[in-house]
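In: dropping the sequence and predicted coords here.
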Amino acid sequence: MFDSLSEKLQSVFKNLRGYGKLTEKNVADALREVRLALLEADVNYKVVKDFIERTKQRALGQEVLSSVTPGQQIVKIVHDELVALMGGVVAPVSGATGPLRTAATTTSWMMVGLHGCGKTTTSGKLAKLLTKQGRKPLLVACDVNRPAAIDQLETLGKQLQIPVFAVRNEKDVTKICRQALSAGQTQSRDVLIFDTAGRLHIDEELVQELVRMKELLTPQEILLVADAATGQEAVNIAEHFDKALSITGIVLTKLDGDARGGAALSMRAVTGKPIKFVGVGEKLDDIEAFFPERMAGRILGMGDVVGLVEKAQETFDATKAAELQEKIADQSLNLEDFLSQLQQLKRLGPLENMLGMLPGMDKMKGLSGGETQLKRTEAIIQSMTPDERRRPEILNANRRMRIARGSGTSVAEVNDLLKQFGMMKRMMKDMGKMQKAMARKGALPRIAR
């Protein structure tokens, strides 16, 4: 989503590298480009004006540290101001962490927003996220207007193996809410997520329905689901909902899309309400807590290594990782192990997103080609027999032709894969020898087996 903004900001900072010191002129020139980049990204005009003024004051009011260049100093200042613009710290979420609560302390979340913003899907994603944290959510269908809304939520519930409370043919949402609260206690559910109705635009009927629900539920969270692709209109929508309901936070959906990103940068500053979660894809796992510092790092090309590590910890099987480490140490890695790692890698999400979390990788072109190459590699290995995967040295010319036909690739591509795998094994062997040599000299402690 932030590709265009990121590219322009990094271009500005690159031009600053040649300066020996920061002056009022080169700071003004750089910030003029930053201002244009933010406005083109659809960031609110007043937000941009305040942002540039604060950044300018900090840039001119600080001496450049001896360990950094003027360009690096500006990057640091802009990074800090971006973090502050998006809220500074991670906003707390009631009931999202901590030990299981008793039925007497059930947490209620109201999901609100316009029709088509993704409330129902987001409710399912949050329920899955809560389940991972050891919570016991209950999804409650309160959209009594949209055809098939209940069906959609129930389908999500079955997919996630999370219960859904619904009362068909009931139009009074307050009655549904009362029964849902009772059902939540009976079933010992500790977070109730109420999927409410939406409209194409905010109207009095919608507002009054949501106000009645709020008065009955006294929810700990009222989360506005807003489509990031709507740009500044999302900010206006947030202001209207906040005025009517005093929302506690925002969930931005479609952050993986090609929108310009201005809503994400303006939302916190304009409404004063924090962004608590972001939807980063279509899968039910594709939702994350919003970390202003990490987002600022990704916008400025610094990556998000911490986020990548967390994704890997959630996705990779610890037992398989330990087995892989043993095989690498023994130089017994085969194509079957390689295939297993590729399949785990795919579960992290699109390759473009994953590599974008590494510093500098956003500048590399053709990352989508890497995704295609991963699929091609997987197809080649899957076209082999188990024996061929374990003993690639038996792959003669006839076997390679058969594998190429079975995977829809060429013999040359099969040969390239085998060549790269052989090089990787030799590299691992050399690294193992080096580690053992250093351990003998006392440079490294021996790894316990």
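Out: Now that the structure is in, tell me what you want to look at. The shown structure was predicted, so the numbers you read here are calculated from the model rather than taken from an experiment.

In: now do the contacts for residue 239.
Out: Residue 239 is in contact with 270, 271, counting by C-beta atoms under 8 Å, 6 or more residues apart in numbering. To be clear about C-beta, it is placed using only N, CA and C from the backbone, and glycine gets the same treatment.

In: what about it, which SS state?
Out: At residue 239 the chain is in helix, as set by DSSP: H, G, I helix; E, B strand; the rest coil.

In: quick check, pLDDT for it.
Out: Confidence at residue 239, expressed as pLDDT, is 86.

In: how about the helices of the stretch 201-350 of the chain, start to end?
Out: All helices of the stretch 201-350 of the chain, identified by DSSP state H, counting those that start in this stretch, fall at 204-217, 232-245, 262-271, 292-299, 305-315, 318-330, 335-346.

In: name the residues of the second one that are buried.
Out: Residues 232, 234, 235, 236, 237, 238, 239, 241, 242, 244, 245 are the ones in helix 232-245 that count as buried (16 or more other C-beta atoms under 10 Å).

In: contacts only, for the first one.
Out: Neighbouring residues of residue 232 by C-beta under 8 Å, 6+ apart: 42, 44, 262, 263, 266.

In: considering these, which possesses the most neighbours?
Out: Within the contacts of residue 232, most neighbours by other C-beta atoms under 10 Å means residue 263, with 31 neighbours.

In: my read is that it contacts residue 236, right?
Out: No: if you go by C-beta atoms under 8 Å, residue 263 and residue 236 don't touch, sitting 10.0 Å apart.

In: mean pLDDT lowest where, among the helices of the stretch 201-350 of the chain?
Out: Among the helices of the stretch 201-350 of the chain, helix 305-315 scores lowest, with a mean of 53.

In: any idea what the closest residue to residue 153 other than its chain neighbours is bridged to?
Out: Distances taken as C-beta to C-beta, 6 or more residues apart in numbering place residue 141 nearest to residue 153, at 4.8 Å, with adjacent residues excluded. On DSSP bridges, the residues paired with residue 141 through beta bridges are residue 195.

In: give me the below-cutoff pLDDT ranges for the stretch 301-449 of the chain.
Out: Where the stretch 301-449 of the chain drops to pLDDT under 70, the residues are 301-331, 344-371, 427-449.

In: the residue nearest to residue 144 when sequence neighbours are not counted - how many residues pack around it?
Out: Leaving out its chain neighbours, the residue that sits closest to residue 144 by C-beta to C-beta, 6+ apart is residue 171, at 5.2 Å. Residue 171 is flanked by 9 other residues according to other C-beta under 10 Å.

In: where's the residue nearest to residue 153 relative to residue 155, distance?
Out: Going from residue 141 to residue 155 by C-beta to C-beta, to the nearest Å gives 11 Å.

In: and if you look at residue 206?
Out: 24 Å.

In: just residue 189 next, same as before
Out: Taken as C-beta to C-beta, the span from residue 189 to residue 155 is 19 Å.

In: of the two, which one has the most company?
Out: Applying other C-beta under 10 Å to residue 189 and residue 155 shows that residue 189 carries more neighbours, namely 24 against 14.

In: what helix or strand does the closest residue to the more buried one other than its chain neighbours sit in?
Out: Spatial nearest neighbour of residue 189, chain neighbours left out: residue 138 (3.8 Å); criterion: C-beta to C-beta, 6+ apart. Here residue 138 sits within strand 137-142, counting by DSSP states H and E.

In: show me the contacts for the closest residue to residue 201 other than its chain neighbours.
Out: Nearest non-adjacent residue to residue 201, counting by C-beta to C-beta, 6+ apart: residue 114, 6.9 Å away. Residues near residue 114 by C-beta under 8 Å, 6+ apart: 198, 199, 200, 201, 202, 237.

In: other residues contacting stretch 173-184?
Out: Counting by C-beta under 8 Å, 6+ apart, 103, 106, 108, 138, 140-142, 144, 165-167, 170, 189, 192, 194, 196-197, 209, 212-213, 216-217 sit against stretch 173-184.

In: just the C-alpha atoms of it, please, in PDB.
Out: Written as PDB, here are the backbone C-alpha positions of stretch 173-184 (Å, rounded to 0.1, in the frame of the first residue of the first chain):
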ATOM      1  CA  VAL A 173     -31.000  -6.200  17.700                       C
ATOM      2  CA  THR A 174     -31.400  -5.500  21.500                       C
ATOM      3  CA  LYS A 175     -33.200  -8.800  22.000                       C
ATOM      4  CA  ILE A 176     -30.400 -10.600  20.100                       C
ATOM      5  CA  CYS A 177     -27.800  -8.800  22.200                       C
ATOM      6  CA  ARG A 178     -29.500  -9.900  25.500                       C
ATOM      7  CA  GLN A 179     -29.800 -13.500  24.400                       C
ATOM      8  CA  ALA A 180     -26.200 -13.400  23.200                       C
ATOM      9  CA  LEU A 181     -24.900 -12.200  26.600                       C
ATOM     10  CA  SER A 182     -26.800 -15.000  28.300                       C
ATOM     11  CA  ALA A 183     -25.500 -17.500  25.800                       C
ATOM     12  CA  GLY A 184     -21.900 -16.200  26.300                       C
END
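
In: got the contact list for the residue nearest to residue 189?
Out: Contact partners of residue 138, counting by C-beta under 8 Å, 6+ apart, are 162, 163, 164, 165, 180, 183, 184, 187, 189, 191, 192, 193.

In: between those, which is nearest residue 398?
Out: residue 162 (51.2 Å; C-beta to C-beta).

In: and that closest one, how far from residue 276?
Out: Here residue 162 is placed at a distance of 20 Å from residue 276 (C-beta to C-beta).

In: give me the distance between residue 199 and residue 168.
Out: As judged by C-beta to C-beta, residue 199 and residue 168 stand 21 Å apart.

In: sorry, back to before: show the average pLDDT along the strand holding residue 138.
Out: Rounded to a whole number, the mean pLDDT of strand 137-142 is 95.

In: buried stuff in that strand?
Out: 137, 138, 139, 140, 141, 142.

In: make CSV out of these and add distance to residue 121.
Out: Converted to CSV, these look like this (distance: C-beta to C-beta, whole Å):
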residue, distance to residue 121
137, 15
138, 17
139, 11
140, 15
141, 13
142, 15
